[in-house]
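*Asks:* Here's my sequence, what's the structure:
(chains A, B, C and D)
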Protein chains: 2
Amino acid sequence: MKVSDLAKAAGVTSETVRHYTREGLLAPAKDPHNGYHRFDSQDLERLAFIQRARTLGFSIKEIHEILDHADHGDSPCPLVRDLLASRLPQIRERIQELEALATRMEQALDAWADMPDGTPDGHSLCRLIESLPAPSTDKAASNTAKEEA
Amino acid sequence: MKVSDLAKAAGVTSETVRHYTREGLLAPAKDPHNGYHRFDSQDLERLAFIQRARTLGFSIKEIHEILDHADHGDSPCPLVRDLLASRLPQIRERIQELEALATRMEQALDAWADMPDGTPDGHSLCRLIESLPAPSTDKAASNTAKEEA
DNA sequence: TAAAACCTTTGGGTTACACAAAGGTCAAGC
DNA sequence: GCTTGACCTTTGTGTAACCCAAAGGTTTTA
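*Replies:* Predicted structure coming up:
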């Protein structure tokens, strides 16, 4: 199989396949004649494995470790369990943060009715935002607004 | 105030202040003698505004737009409302995804008891992961495992 | 056989900073 | 006055997981 064949079979883009290949998660043979990558059914299984691991929240680097273990004949399962166990509370925490964020957003929208769209007057840019509680200046806390695309 | 003074007053790092300055969110005067940035109380207010906006999930680029509106004498409030309204459902969706992720992780951990830590045999890397449902190869769906640090 | 479709590698873009390096500045103590 | 340490500047690099464009070779197809 060529790149796009594998990509289609797994439901990802060719770019993703190339990315994993660059990162060493997939190690296809190369056709000596034209330099094309040649993937086989094992690569497809491996890619399916990667996709499943991604749905568990594992990073590419972690999946790399897991695959390395397996490639060395060691069971990666204990590693997988440890990673899951340590990641789960972080996910829960992240959910809490996002729920708090959603709540703040809703409250802000609800508060809209009670506040005029004041033109900035040098003291206020947008009262809606300025009426929020000040983010704690405490180093320890505050991880509230991490967003991704 | 110098960089670190402002940073301390707002509870952020000096690097963050410099970052916002580079990005144009803050526009301090420069001491012609030594090239040091000079921030005043308005910059502190502006920085506090930025922090509050961040807690609402706004990106730096969005905050830049909001501030530009205000700097031009226009009320940024309608913009803020539109951004909030369009972002909120995305946050809700993200929460759903993370909850589904947490559930999968828990189920995986629960399933541990029923599965041996098999050494990889060429057919199975880690049965725990391979027993997961296959990620849909459907282009439309599937955005399950976006993680950040 | 020529064009369409696909392959390769290389390099840049995305987010919001953190961090290191190289070099100038400033406050304090001796 | 001078050394030292703390702080300032700009510039460049790294982060996560890809996406996208460019330049140039290959394969397939009409």
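*Asks:* who touches the host helix or strand of A:Asp43?
*Replies:* In the assignment (DSSP states H and E), A:Asp43 maps to helix A:41-55. Outside of helix A:41-55, the residues that reach it under the criterion C-beta atoms under 8 Å, 6 or more residues apart in numbering or on different chains are A:1, A:6, A:9-12, A:17, A:20, A:25-26, A:28, A:62-63, A:66-67, B:101, B:104, B:125-126, B:129-130, B:132, B:134-135, B:144-145. In this view, the C-beta of every residue, glycine as well, is placed from N, C-alpha and C.
*Asks:* Now which of those would you call buried?
*Replies:* Burial by neighbour count, judged by 16 or more other C-beta atoms under 10 Å in any protein chain shown, picks out A:1, A:6, A:9-12, A:17, A:20, A:25-26, A:28, A:62-63, A:66-67, B:101, B:104, B:125-126, B:129, B:132, B:135, B:144-145 from those.
*Asks:* picking up where we left off before, which ones, among the contacts of helix A:41-55, also lie beside DNA strand D?
*Replies:* The subset of the contacts of helix A:41-55 within reach of DNA strand D, by C-beta under 7 Å from any atom of the strand, is A:Tyr20.
*Asks:* quick one, what contacts the residue lying closest to A:Lys30 once chain neighbours are set aside?
*Replies:* Closest residue in space to A:Lys30, ignoring its immediate chain neighbours: A:His37 at 6.1 Å, by C-beta to C-beta, 6 or more residues apart in numbering or on different chains. The contact partners of A:His37, by C-beta under 8 Å, 6+ apart, come to A:2-3, A:21, A:28-31.
*Asks:* Out of these, which comes closest to chain B?
*Replies:* The nearest member of the contacts of A:His37 to chain B, counting by C-beta to the nearest C-beta, is A:Val3 at 16.1 Å.
*Asks:* Provide the backbone phi and psi angles at that closest one.
*Replies:* Main-chain dihedrals, A:Val3, degrees, to the nearest 10: phi -50, psi -50.
*Asks:* Spell out which parts of chain A neighbour DNA strand D.
*Replies:* Residues of chain A found near DNA strand D (C-beta under 7 Å from any atom of the strand) are A:13, A:15-16, A:19-20, A:31, A:33-36, A:54, A:59-61.
*Asks:* from those, which two are the most distant?
*Replies:* Taking C-beta to C-beta as the measure, the residues of chain A next to DNA strand D reach their widest spread between A:His33 and A:Ser59, a distance of 35.8 Å.
*Asks:* who's more crowded, those two?
*Replies:* Neighbours of A:His33 and A:Ser59, each counted by other C-beta atoms under 10 Å in any protein chain shown, are more numerous for A:Ser59; the result is 16 against 6.
*Asks:* so how far is A:Leu109 from the more buried one?
*Replies:* To A:Leu109, A:Ser59 is 34 Å away according to C-beta to C-beta, to the nearest Å.
*Asks:* A:Leu6 now?
*Replies:* When C-beta to C-beta is applied, the distance between A:Leu6 and A:Leu109 equals 45 Å.
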